[in-house]
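In: how does the following fold in three dimensions:
(3 chains)
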Amino acid sequence: MRVWRIIAVVALAGLETASVHAEESVADLPRNETLIVENPEGTIKNAGWFNIWAINAGGQSTGLHQLALDTFWFIDPERGLDGVWDNSLAADRPLYNSDFTRMTVKLRKGIYWSDGTEFSAADVVFTVQTHMKTNGLRWSAPIQINVDSISAPERYTVVFKLKKPNSRFHALFTVRWNAMWMMPKHVFENAGDPLKFAFDPPVTLGAYVLHGYDPNGKWFIWQLRSDWQRTSIARFGKPGPKYVVYMDAGPPDKRVIAQLNHQLDVVHDTSPEGMFTLVRQSKSSHGWFKGFPYAHPDPTLPAVIFNHELDLFKNRDVRWALALLIDIKAVSLASYRGAATISAIGVPPTGTHPEVYHVPLEGWLREFELDTGKRKIRPYDPTVGKQIADMLRASMGEQIPADQNQIAMAFGKGWWKPDPQAAQELFEKAGFAKRADKWVTPDGKPLSIRIMVEGESRPVMTRAGSMIAQQWRQFGIDASTVVAQGNMSDRRNAGDFDVFIGWSVETWGGHPDLSFFLDSWHSQFVALPGKPQPPRNWQRWSYPDLDRIIEQTRKIAFDDPKGLDLGREYVKLVVREMPTIPLMSYNVFTAMDETHWTGYPSAEQPFTNPVPNWANSRYMMVRLKPRK
Amino acid sequence: MRGYSGYLLGRLGQFVLVVFIGINIAFIVTHATPIDPVEQSIAAATQFGSTNPEAVALMRQSLRELYGLQGTLWDQYLVFWKRVTVGDFGPSLSAFPTPVRTLIGRALPWTVGLLLVSTVISWLLGNLLGGLAGYYRNSKTLWLAGIVAMAFHPIPYYIVAFVLLIVFGFVWPVLPISGGYTMNLQPAFELTFVASLLKHSILPVLSLVLVGLGGWFMGMRSLVSNIVTDDYVTYAELGGVDGRRILASYVMRNALVPQVTGLAMSLGAIFTGAIITEQVFGYPGLGTLLVSAVHAGDYSLVLGITSVSIVAVSVAVLAVDLLYPFLDPRVRTTG
Amino acid sequence: MMFTIFRDLFRSRRSFAAGVALLAFVLIIAAASLASPYPPNDSFVVPPDLAPSWPHILGTTSRGQDVFWQLTFAIRNTLVFGFIVALVSRIISLVVGLVSGYVGGLTDRVLMSINDTFIVIPLFPILVLFYFVMRDNMSWTLLALAMACLGWAYDARLIRSLAMSLRRREFTDTGIFSGMSTRHILTQEHMPYVLPIVFSTTMNNINWSIGLEVTLSVLGFTDINTPTIGVMIYWANQHTAMVAGIWWWIFFPVLLVVITFIGLFLLAVSMNEYIDPRSRLSRVAA
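Out: Model (predicted):
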């Protein structure tokens, strides 16, 4: 057939013209000067928009907030380059007056915007005042609620006068993922409505400037400023990469392929299996941990979150019974293939938390008793982490650490021992009964629980939810998962769920203060049924003892040692009450390729978080060195 | 041609009606979304950073004012039509204040380019092979081609695309697997850019053609095998008309009529059909925009894309209908 | 009568026999779901990631499920899904297409306006919004009905154009002049032309619905508690099975879909040729 011959010839000619090797994925930039990282935001709809102060108008982690912007302070989720706390634009820590109604900030001198203008108190005053008089900017609301006035008594000093005492006001300007960024006064004051100004190209305060971007929002390239020494990060040395590319790397499989082709130096996250494939097939790829479980534990705590608006979950015994039906080993295996760091208590097992919370409270947990109505049990099993390690060693061999401390760091310590007998007793105590293998509630209806998961957007959480549903089902509960792909946040905010797999606990990671999430758990913020719940008390749990802990925390300073005692009180309270069932930290499979760059942070060198959408990841740049 | 102009008028009236009803349905459906764009924006703004619960309430109120969502559904409906008449869809609610028109305008050329090319290629190839297979029913090669085309056809598109990606992007990495062109190139009509553009489009086009081929092949094959047995073909054969001529002028021409209609209607997929292609190959276009708009509850943007699609497909269908009497002389309108 | 047709078909067309055999194979696998030793939704009931070998002949998934037994449930649900969509949408498209094509005039105008509205409205946003509105009540049967209600217009137009062209042909006029009833003309003279289109559009429709189901699943808009081919691919995808080397998790479901379609294709082709009387005659003569 002639047709086939023509087709074959054309196809071959096409393939001939394609070079045998995949071309460089970035044109005209030397690879040994270019770092390519994934931006998990994906494709940016509105690529030419760099005004981050307008809510949700453009991209954030396109390199914009990591490399181009700056603010007073950073708290590292790990150990930091020079301690956890870093004074970035500020010269010192925040200075409050005795009743926390005034905060004074001393600014660093010699910091310049990328267009050569010096950064000064005038920029800070402008930023804050713009937010005070404009509604609908990203930080308008917190500024308007807190700030009475701002003044600059000197060129490098600003004073915030607050409307009411707030001992954590500085948190607004302290980066944990992000914070309120400073605006260049000389650009914005002539730009008209700050809500409608695109800020393209951005005048930056960070060490990089915009080199170019794809109008379709697939990639953004940043270039090191020639005057990088006049930026706050210069204290730690010269950033290694001259160019940093933030790209939309596609679905998890493709990120793995891209890194195996050495075209993507840092993968933000992939599936556990994708990570295993990477380390198996590429000698140069590694994760946060050198070996298993590879992933970086974010200071975020996935949990089974009950909807306390439902009568079903108002009873503590029911919540505890459901916790005792979970076999965390199976959940860890199903969700993370064992590469999870478990936590029985309400703080993530990451950063400095294990040494200030998990380890000191271990003894209390072992002694903790639960009354099932028939007897008292000690539900805590301190060996679960070790059991997971032992289970995995059978197939993974030497990759699994044997040292107790390493196991605890990588896999977590203990969790609740599965105890169907105790769960049955607790259910019976709460008035539930088992009829023909199925549990019924005190008012005679079948006990039915829908576990909301986020589906494709959070595969690992979806997998955990499916396993928990299976475990509850096996006990005789009508449990199944529902996927709230795309409408998770609406349903979560509106309280339109039975339970969901997600998190209402996020912490600084490097700092023991829990107010970052805990303050919002105060009963004063619990929304009325049907009204949207503000972050982060998605479970809408209120409890007098908790309110007391929160109120006492508000009265003490951020670094006050009493804060830690209050934090531990919170931990004990949520163990007793079990308002959510904490599972594990949110482990991110950030994969780093050493082919072109070396010096990434890791569990051995925990100087910062390698997860590239965190603004904190800018500290990684100063340690990176080209291979060639 | 009085009959034809009457037909023309009637058909034009129907066109206007279809577009009007279609856009109205789209308005109702998109505004029925339970996803609140304000909550989505708040979630995007607060998901990682520190958040004061009181501030969230204030933020919600300001955004509602800013996005202009206070009016009743009827008010919004009137505003919508007022804007549409001047070709405007208002600001996007998930990239406020950028106009929907700008976002669509940026993505549209990519989608139209990719899908027009691949739809036309698979239509031509599918009809050619299908026609041959229907006419030469005893040819083993064509029979096999039919089986192969049919075997590809039901493979879920996602799988075809992904297998191509793995084969040509990883196992034998000769083709780029991401984006519309090499990063850091500036779009311009130059050799490097065009070459990069073509190279990046090979896999997306190939995947769409492989999957699209079978449908046209099948349709054409069954149409032709029916026509072949028609009397006039038999007469032509008996009359000693050359086989190729019979195929080209007697058989294919008649069989093509419904296939042209099919082509016009399948153009609808051009505007929303490339979602998976765009996802797998990271290709720019409307699909990604649409998915993210649906997720964000950005009904302005969803409605904008939907309306563009409705108008474009209606025009294509109208064009085919108007050409119909010329294509198939047997159809004459009675007014 | 039925029996005779079948016997004739088997004798005259090898492709018919092959088609029946392939479909029977698929149906047997679907029926095997009744004998599955594992509940379809339970995971980690067998060791994960095993390559095909005895006793897990098609291997096991990364979720610790046996691919073969999962596949029995998946193909059963997918077939039922495809047939529901095809059946319901066929009924609508046949009625609309034939009525519109034969009756013409104002009826044609009205029906085609409705029809065209359905053609020009993009499906994807509607299906996703349907999913958002249904939320927990979203099941694959509902999805099937929704897709059937959206997926008929294209074929109705095809059938209409055929009907229009048939109405104009000589033999229709001949039939009318010679006093044949409309019913007789439709069933005896026109059905042989309409049926092949019905068969091929049915197949295309099943194909389309399964494809769309997989698309929605890949994008995550699906009820993950009912195993279908799409849901199997969804889970495989969540475990990046393609790059992790667990090819059997995707290969076998896809293979089974392909077998189903080749079976349907062979069946449709041989039926078409059987139905068309002149084609049969020419074959006998040849």
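In: residues of the stretch 251-400 of chain A that sit close to chain B?
Out: Within the stretch 251-400 of chain A, the positions near chain B by C-beta under 8 Å from any C-beta of the partner chain are A:251, A:253-254, A:257-258, A:260-261. C-beta here means a position set from N, CA and C on the backbone, and glycine is covered the same way.
In: I'd like the residues you listed laid out as JSON lines, including secondary structure, neighbour count and pLDDT.
Out: As requested, those are arranged in JSON lines below (DSSP: H, G, I helix; E, B strand; the rest coil; neighbours: other C-beta atoms under 10 Å in any protein chain shown; pLDDT from 0 to 100):
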{"residue": "A:251", "secondary structure": "coil", "neighbour count": "20", "pLDDT": "88"}
{"residue": "A:253", "secondary structure": "helix", "neighbour count": "24", "pLDDT": "90"}
{"residue": "A:254", "secondary structure": "helix", "neighbour count": "29", "pLDDT": "91"}
{"residue": "A:257", "secondary structure": "helix", "neighbour count": "26", "pLDDT": "92"}
{"residue": "A:258", "secondary structure": "helix", "neighbour count": "25", "pLDDT": "92"}
{"residue": "A:260", "secondary structure": "helix", "neighbour count": "20", "pLDDT": "93"}
{"residue": "A:261", "secondary structure": "coil", "neighbour count": "18", "pLDDT": "91"}
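In: which among these gets closest to chain B?
Out: Nearest to chain B out of those is residue A:257 (C-beta to the nearest C-beta; 4.7 Å).
In: wait, isn't the closest one in contact with residue C:242?
Out: No - the pair residue A:257 / residue C:242 is not scored as a contact, 9.3 Å apart, by C-beta atoms under 8 Å.
In: find residues that contact each of the two.
Out: Both residue A:257 and residue C:242 are in contact with residue B:166, where contact means C-beta atoms under 8 Å, 6 or more residues apart in numbering or on different chains.
In: near chain C, which of the residues of the stretch 251-400 of chain A next to chain B show up?
Out: Residues of those in contact with chain C (C-beta under 8 Å from any C-beta): A:251, A:253, A:257.
In: now stretch C:262-270: average pLDDT?
Out: Mean pLDDT, stretch C:262-270: 80.
In: stretch B:56-73 now?
Out: On average, the pLDDT along stretch B:56-73 is 84.
In: and the longest strand for chain A?
Out: The single longest strand within chain A, with elements called by DSSP state E, is strand A:147-154.
In: now that one: buried residues?
Out: For strand A:147-154, a neighbour-count test (16 or more other C-beta atoms under 10 Å in any protein chain shown) marks A:147, A:150, A:152 as buried.
In: low-confidence stretches in the chain?
Out: By default, I'm working from chain A. Within chain A, the ranges that satisfy pLDDT under 70 run A:1-24.
In: wait, chain C was what I had in mind.
Out: Low-confidence segments of chain C (pLDDT under 70): C:1-6, C:8-12, C:170-172, C:272-273, C:275-286.
In: number of residues surrounding the residue of it found nearest chain A?
Out: Of all residues in chain C, residue C:220 sits closest to chain A, at 3.1 Å by C-beta to the nearest C-beta. By the criterion of other C-beta atoms under 10 Å in any protein chain shown, residue C:220 has 21 neighbours.
In: measure it to residue B:209 for me?
Out: From residue C:220 over to residue B:209 the distance is 27 Å, taken as C-beta to C-beta, to the nearest Å.
In: list the contacts for residue A:68?
Out: Per C-beta under 8 Å, 6+ apart, neighbours of residue A:68: A:50, A:202, A:204-206, A:208-210, A:222.
In: excluding its backbone neighbours, what's nearest it?
Out: Residue nearest to residue A:68 in three dimensions, not counting chain neighbours: residue A:204, with 3.9 Å by C-beta to C-beta, 6 or more residues apart in numbering or on different chains.
In: pretty sure the one you found sits in a helix.
Out: No - under DSSP: H, G, I helix; E, B strand; the rest coil, residue A:204 falls outside any helix and is assigned coil.
In: next, work out how far apart it and residue A:522 are.
Out: Note on residue A:204: its distance to residue A:522, by C-beta to C-beta, is 38 Å.
In: with neighbour numbers in mind, choose between these two.
Out: A side-by-side neighbour count of residue A:204 and residue A:522, using other C-beta under 10 Å, places residue A:204 first with 22 against 18.
In: now the more buried one: how far from chain B?
Out: Distance, residue A:204 to chain B, by C-beta to the nearest C-beta, to the nearest Å: 19 Å.
In: got it, and residue C:174?
Out: Distance check for residue C:174 against chain B: by C-beta to the nearest C-beta, it reads 12 Å.
In: hmm, back to that, residue contacts, the residue nearest to residue A:68?
Out: Under the criterion of C-beta under 8 Å, 6+ apart, the contact partners of residue A:204 comprise A:67-69, A:113-114, A:210, A:225.
In: would you turn the residues you listed into a markdown table with secondary structure?
Out: Formatted as a markdown table, the contacts of residue A:204 follow (three-state DSSP):
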| residue | secondary structure |
| --- | --- |
| A:67 | helix |
| A:68 | helix |
| A:69 | coil |
| A:113 | coil |
| A:114 | coil |
| A:210 | strand |
| A:225 | coil |
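In: ok, and the most crowded of those?
Out: Highest neighbour count within the contacts of residue A:204, by other C-beta under 10 Å: residue A:67, with 29 neighbours.
In: in which helix or strand would I find residue B:207?
Out: helix B:191-227 (DSSP states H and E).
In: what packs against that helix?
Out: Applying 3 or more C-beta pairs under 8 Å, 6 or more residues apart in numbering or on different chains; DSSP states H and E, we find helix B:191-227 packed against helix B:100-135, helix B:140-152, helix B:157-166, helix B:253-266, helix B:275-281, helix C:191-218, helix C:248-275.
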